[in-house]
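Colleague: sharing a sequence plus its predicted fold:
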Amino acid sequence: MIFLKNIQIDGFKGINHLSCKLEDLTLLTGLNNSGKTTLLQAAYILVDSLSYIPFDKNLLGADKRIDLKSSLASLGLQDVNALLPQMKKNAESKIVATFSDDISIQLKPYSGTTFLYSFSSIGDFSAEEWKDILVDMAEIGAEFVTPPGTISSREDMLPKPNYEAILSQGKGSQLWRNSIWWSIQSGGYESFEAVKSLVKRYFPEVEISQPTLGSSNPPEILINYDDKNETRLDISQSGAGLRTFLTLARLLEQSSARILLLDEPDAHLHASQQAIVINLLLDIAVEQHKQVIIASHSPEFIIRTPSECIRWIEQNKTIDQPDELDFYLEQLGVTPDIYAGVRTPPEVIVYVEGRTDRPILESLIRWCRQKYANLPKVLIVPHKDGRFDAEALQAIAQVEKRVGRNTRIVGIRDLDWYYSDLPNSEPKIREGGNWKLLTLPCKEIENLFCCSDFLFLALGGKISKDIIDQIIDEESQSEALIREWENQIKHRIRNALPDAYDASTKEGLANATFVEWSIDSGVRRRLVAGKELFRSIRTRLKVEYQVNKYPKQMFDDIEALTPDWFFIASSIFSEIESFRASR
């Protein structure tokens with residue numbers, strides 16, 4: 001199946017050149033006016049143009065004209081001047097998309113709504129292969145989605161020709177109920193049942209009703225839902241989260257488009273609802289094989305999106321991909337107290353070192369709740385100082401006690417590279433009155449995913465344990481991973497040696513010790529950088545076996561926890577110590 005690998009724009013308003021590599025799910029983030037929305041619009045115009053281009057054997061080569069009035073109108077644009085600056089003589093304004101199979105399409109503005117398009121390919125395809133490729137490309141399709149925000153309590157049903165006429169003017173956002181109504185008329189009432197099921201999956205206390213028409217003339221479109229108290233309400237009375245989710249669910253279940261372009265879907269949403277939306281979008285990218293491209297400033301989106309899928313955008317620069325998640329959050333002005341203001345005090349507070357640990361532990365906690373009823377409420381918080389010690393947790397527990405709360409405080413921290421002797425392969429626990437510090441036996445929490453026993457369960461047995469183990473072993477031998485580990489740890493080994501040894505002896509012993517560690521597969525896979533190791537393992541699984549799961553989805557299909565994950569779960573919930581860990 002063909003997918004979009006890269007989108008490039010040149011000569012747009014305020015943007016001379018911008019190029020972005022795309023994944024199954026890509027999050028575009030950056031400061032205001034950096035070009036995120038423009039990039040989405042350009043991608044939509046180009047992908048939508050594929051449904052109008054007359055594919056034939058003479059496709060490659062010279063520029064050909066195409067009128068994209070409909071594509072521009074869908075974005076509320078009258079002509080290309082709404083996107084482009086006043087054209088200078090010999091200016092080179094264009095949109096370039098590269099698809100899988102190394103096929104590139106270029107659109108250049110010509111006049112009004114007319115573009116010039118051209119295809120190119122470095123592949124050597126037969127006539128029959130070209131035919132299949134072009135048919136597939138014509139069926140890709142794109143949806144450009146903006147959040148619905150506040151909606152009217154009444155919206156009359158428009159005759160279909162009137163509705164389509166307004167859509168062609170780029171004013172479809174004004175007809176939110178009509179869009180749902182007419183999609184049902186096209187796909188049948190059973191198509192909306194799938195939408196209802198998807199909403200129920202993420203909002204279990206909400207029951208959406210099938211849309212109906214009122215009795216007035218013209219009839220109004222009624223979309224009701226039952227809340228957790230079984231009270232029937234109009235959809236306009238719901239929160240923005242449910243409306244945004246319903247919009248997305250409808251597109252996912254009733255649209256054949258393979259590319260979804262979402263412009264700030266987090267707008268109007270509380271942080272908890274933003275988390276639900278990004279979880280849905282991650283699931284879509286994997287389960288429904290749709291390509292999802294999002295523009296957002298949301299810290300919740302950034303925290304829950306795999307780092308390899310995040311793109312930082314700056315005007316007139318190619319897109320950087322910094323290694324540290326904190327870079328994005330700092331640039332966007334996010335402070336450590338973003339999770340403050342919880343209405344109901346939690347019974348357990350779990351402190352972690354990094355923000356990327358949070359969605360992983362949330363997934364583990366969600367798995368526990370599915371297996372064991374009535375577990376206490378948990379709040380996961382990245383500690384403001386990063387790495388913390390037992391004294392910090394003890395102080396927090398004492399403060400909680402003074403204000404009259406019997407809150408359990410749990411700290412889960414990585415081993416990192418703070419050692420000079422070979423670390424124990426078992427987790428380390430320190431605990432006191434109402435607090436517990438768990439130090440993992442590995443560099444990062446992601447190292448615990450780099451285990452053939454766990455991945456065999458997480459992938460539903462689709463790949464043999466021997467193959468998984470071979471992939472883990474090969475990827476853990478990466479020269480870059482070993483070198484980084486060596487640079488961080490060898491000097492610690494050397495400095496811990498007795499002062500009686502001279503410098504040469506110390507260097508030799510430190511080198512021999514590190515080599516001994518690095519050739520041990522079990523030691524290596526738990527002590528090299530876990531995020532990078534797990535990322536490379538996932539890439540191998542995706543490319544070689546077409547199996548793709550993001551970190552937060554790793555617990556979705558397992559029946560029992562492996563020992564390391566069980567240890568973490570029972571440290572958070574003492575109530576589940578009766579669980580049996582798989583071995």
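Modeller: Great, that's in hand.

Colleague: give the buried residues for stretch 561-580.
Modeller: For stretch 561-580, the neighbour count (16 or more other Cβ atoms under 10 Å) marks 561-573 as buried. Every residue, glycine included, has its C-beta placed from N, CA and C.

Colleague: what number of residues lie near the nearest residue to Ser478 once chain neighbours are set aside?
Modeller: Leaving aside its sequence neighbours, Ser478 sits nearest to Ser536 (Cβ to Cβ, 6 or more residues apart in numbering; 6.7 Å). Applying other Cβ atoms under 10 Å, we find 19 residues neighbouring Ser536.

Colleague: and what of Asn33?
Modeller: Residues near Asn33, counting by other Cβ under 10 Å: 12.

Colleague: how near is it to Ala397?
Modeller: Separation of Asn33 from Ala397 (Cβ to Cβ, to the nearest Å) stands at 46 Å.

Colleague: sorry, back to before: so which of the buried residues of stretch 561-580 are in strands?
Modeller: Of the positions in the buried residues of stretch 561-580, not one sits in strands, assigned by DSSP state E.

Colleague: columns distance to Ile310 on top of those, output as JSON lines?
Modeller: Converted to JSON lines, the buried residues of stretch 561-580 look like this (distance: Cβ to Cβ, whole Å):
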{"residue": "Leu561", "distance to Ile310": "29"}
{"residue": "Thr562", "distance to Ile310": "29"}
{"residue": "Pro563", "distance to Ile310": "32"}
{"residue": "Asp564", "distance to Ile310": "27"}
{"residue": "Trp565", "distance to Ile310": "26"}
{"residue": "Phe566", "distance to Ile310": "31"}
{"residue": "Phe567", "distance to Ile310": "30"}
{"residue": "Ile568", "distance to Ile310": "26"}
{"residue": "Ala569", "distance to Ile310": "28"}
{"residue": "Ser570", "distance to Ile310": "33"}
{"residue": "Ser571", "distance to Ile310": "30"}
{"residue": "Ile572", "distance to Ile310": "28"}
{"residue": "Phe573", "distance to Ile310": "31"}
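
Colleague: and which of those residues is nearest Phe388?
Modeller: Minimum distance to Phe388 across the buried residues of stretch 561-580 is 15.2 Å, recorded for Ser571 (Cβ to Cβ).

Colleague: the closest one reaches Ile412, doesn't it?
Modeller: Yes - here Ser571 reaches Ile412: they are 7.2 Å apart, a contact under Cβ atoms under 8 Å.

Colleague: hey, what's in contact with both of these two?
Modeller: Residues touching both Ser571 and Ile412 (Cβ atoms under 8 Å, 6 or more residues apart in numbering): Leu438.

Colleague: my read is that Leu393 contacts Gly433, right?
Modeller: No - the pair Leu393 / Gly433 is not scored as a contact, 10.6 Å apart, by Cβ under 8 Å.

Colleague: could you pull out the helices for the stretch 401-550 of the chain?
Modeller: For the stretch 401-550 of the chain, applying DSSP state H, counting those that start in this stretch gives helices covering 452-458, 465-476, 479-495, 503-518, 521-527, 530-545.

Colleague: among these, which is nearest Lys160?
Modeller: helix 530-545 (41.7 Å).

Colleague: for the closest one, packing partners?
Modeller: helix 465-476, helix 479-495 (3 or more Cβ pairs under 8 Å, 6 or more residues apart in numbering; DSSP states H and E).

Colleague: can you give me the end-to-end distance of stretch 400-419?
Modeller: Chord length of stretch 400-419, first to last residue, is 32 Å (Cα to Cα, to the nearest Å).

Colleague: show the average pLDDT along that stretch.
Modeller: Throughout stretch 400-419, pLDDT has a mean value of 88.

Colleague: mind listing what's buried along that stretch?
Modeller: For stretch 400-419, by 16+ other Cβ under 10 Å, it's 400, 407-415, 417.

Colleague: identify, from the residues you listed, the entry nearest to Ser298.
Modeller: Nearest to Ser298 among the buried residues of stretch 400-419, with distances taken as Cβ to Cβ, is Ile412, at 24.5 Å.

Colleague: OK, contacts around the closest one?
Modeller: By Cβ under 8 Å, 6+ apart, the contact list for Ile412 reads 350-352, 357, 361, 438, 440, 445, 568, 571.

Colleague: how far away is it from Leu440?
Modeller: 7 Å.

Colleague: quick one: common contacting residues for these two?
Modeller: Joint contacts of Ile412 and Leu440 (Cβ under 8 Å, 6+ apart) are Ile568.

Colleague: quick one: which of the contacts of Ile412 is most hemmed in?
Modeller: Of the contacts of Ile412, with other Cβ under 10 Å as the count, Ile445 tops at 27 neighbours.

Colleague: is it in contact with Arg526, as I believe?
Modeller: No - using Cβ under 8 Å, Ile445 is not in contact with Arg526; the gap is 11.2 Å.

Colleague: Trp485: how many residues sit nearby?
Modeller: Neighbours of Trp485 (other Cβ under 10 Å): 20.

Colleague: skipping adjacent residues, who's closest to the residue positioned nearest the centre of the chain in space?
Modeller: The residue lying closest to the centre of the chain (Cα atoms, centre = their mean) is Thr305, at 3.3 Å. In space, Thr305 comes closest to Leu27 once its chain neighbours are excluded; the distance is 4.5 Å by Cβ to Cβ, 6+ apart.

Colleague: which phi and psi values does the one you found adopt?
Modeller: phi -110, psi 120 (degrees, to the nearest 10).

Colleague: same check on Glu23?
Modeller: According to degrees, to the nearest 10, Glu23 has phi -110, psi -170.

Colleague: so what's it up against?
Modeller: So Glu23 contacts 308-309 (Cβ under 8 Å, 6+ apart).

Colleague: what does the one 10 residues further on give?
Modeller: Residues counted as contacts of Asn33 (Cβ under 8 Å, 6+ apart) are 14, 315.
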